[in-house]
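Colleague: Let me see the structure of the following:
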Amino acid sequence: MNLFYKISNTIKSYINLVLGNCSAYLMIAVTLFALSEIIRRYIFGVIFQWGQDAVIYAMVSSVALYICVTQIKRGHLVMSAVLQLLNAKGFYRTVGSLKIFVSFFISLFTGSLTYTSYSTIEYSIQIGERTESLYFYMWPFHFILAIGMGLMCVVSFLQFIEDIHSYVKGDHFTDEVEVATDV
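Modeller: Numbers count the residues shown, from 1 in each chain. Sure thing, here's the model as predicted:
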């Protein structure tokens, strides 16, 4: 099991390093571009016709890349008030079971979205779907979203296995609620 944890932590650290940085740099670049568009519009009276589309789709792409990083940090679906109440009442097994269920459900849901995204990307390429300004193709955006969802599936599946192992060891009796779960 130590080998699994080592591999899991390596995968998560690479995802965090690569996609976290790519997302951050993309967000900074798009913010600077949006500010330059504001200056161009209100001071010089000119704009790029495709500027608004570029900002919207780059921002959403940045968020799509970062969603798996937030899953690594277990930042999704946090309801710690309910879990603290369950933990305070002594429902340790329930909290541990919910942790396993949520990790599995996130993995299943994002995996199904990733699987079905192939046909969306293929269809988008086939019809030549473009943004509103008709300047950018939509398939790269769909592809980036599929990458983000696919990696989130991988991360949540790794966390699912870790959660089962943690439950079997009995860690749900001693872990703090904030650290123990992402339910």
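
Colleague: contacting residues for residue 8?
Modeller: By C-beta atoms under 8 Å, 6 or more residues apart in numbering, the contact set of residue 8 is 158, 161-162. Placement of C-beta: from N, CA and C, glycine included.

Colleague: Show the pLDDT at it.
Modeller: For residue 8, the pLDDT comes out at 89.

Colleague: ok so, going back, dump the contacts of residue 8 into CSV; add secondary structure, pLDDT and distance to residue 75 as well.
Modeller: Output for the contacts of residue 8, formatted as CSV (DSSP: H, G, I helix; E, B strand; the rest coil; pLDDT from 0 to 100; distance: C-beta to C-beta, whole Å):
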residue, secondary structure, pLDDT, distance to residue 75
158, helix, 93, 16
161, helix, 93, 19
162, helix, 91, 16
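
Colleague: Tell me how far the residue lying closest to residue 30 once chain neighbours are set aside lies from residue 109.
Modeller: Excluding its sequence neighbours, the residue lying closest to residue 30 (C-beta to C-beta, 6 or more residues apart in numbering) is residue 58, at 4.2 Å. Per C-beta to C-beta, to the nearest Å, residue 58 is found 25 Å from residue 109.

Colleague: Mind checking which of these two has more residues around it?
Modeller: Set side by side, residue 58 and residue 109 show more neighbours around residue 58, with 20 against 14, by other C-beta atoms under 10 Å.

Colleague: any idea how far the helix or strand harbouring that one is from the chain center?
Modeller: In this structure, residue 58 is located in helix 51-72 according to DSSP states H and E. Taking the mean of its C-alpha atoms, helix 51-72 sits 9 Å from the chain's own mean (C-alpha atoms, centre = their mean, to the nearest Å).

Colleague: All further residue positions should be reported with the first residue as 815.
Modeller: In the new numbering, first residue 815, that becomes helix 865-886.
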